[in-house]
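Q: Any chance you can model this:
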Amino acid sequence: LDCRITNNTTGEFIDIDFNMGINRILTIDCDAKTITYDDGSNARAALVLSTNRDDWLNFANGLNSITYDETGAAGATVGVNWENRNTM
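A: Have a look, this model is predicted:
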């Protein structure tokens, strides 16, 4: 896995470079700041942020456009979960 996930709305991105098998799962939790392979191992070293910041891949208010780019990728499945933290 050698990909970039970009929030086109904010310009922030994260790069992931991780040696993983076919049909395996890598979970990136931007809230908890963890990256976990499906065997339970920590893959945090695979992450590079676009800038030095406290949060990973922030969303702007309103609509956001997210892009997944990986050269030569075929049949990749990407899922995105978002939690509304607006308490008003």
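Q: For the rest of this, base every contact and every neighbour count on C-alpha atoms.
A: Fine.
Q: Skip the chain neighbours and tell me the closest residue to residue 60.
A: Nearest residue to residue 60, sequence neighbours excluded (Cα to Cα, 6 or more residues apart in numbering): residue 10, at 6.6 Å.
Q: ok, now which ones touch the one you found?
A: With contacts defined as Cα atoms under 8 Å, 6 or more residues apart in numbering, the neighbours of residue 10 are 58-60.
Q: tell me which element residue 14 is part of?
A: Following DSSP states H and E, the helix or strand that holds residue 14 is strand 13-17.
Q: any idea which helix or strand comes after that strand?
A: Next along from strand 13-17, by DSSP H and E: strand 26-29.
Q: packing partners for that following strand?
A: Using 3 or more Cα pairs under 8 Å, 6 or more residues apart in numbering; DSSP states H and E, the elements in contact with strand 26-29 are strand 34-37.
Q: export the strand it packs on as PDB, just CAs?
A: What follows is strand 34-37, C-alpha atoms only, in PDB (Å, rounded to 0.1, in the frame of the first residue of the first chain):
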ATOM      1  CA  THR A  34      -3.900   5.000  15.400                       C
ATOM      2  CA  ILE A  35      -3.200   2.800  12.400                       C
ATOM      3  CA  THR A  36      -3.800  -0.800  12.900                       C
ATOM      4  CA  TYR A  37      -3.300  -3.800  10.600                       C
END
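Q: what's in contact with it?
A: Outside strand 34-37, the residues that touch it by Cα under 8 Å, 6+ apart are 24-29, 42-44.
Q: One more: stretch 12-24?
A: Stretch 12-24 is contacted by residues 1-7, 37-38, 43, 46-51, 56-58 when judged by Cα under 8 Å, 6+ apart.
Q: same thing but 6 Å
A: 1-6, 46-50, 57 (Cα atoms under 6 Å, 6 or more residues apart in numbering).
Q: out of those residues, which are buried?
A: By neighbour count, with 16 or more other Cα atoms under 10 Å, these hold 1, 4-6, 47, 57 as buried.
Q: Show me the two of the residues you listed that sit farthest apart.
A: 1 and 57 (18.4 Å; Cα to Cα).
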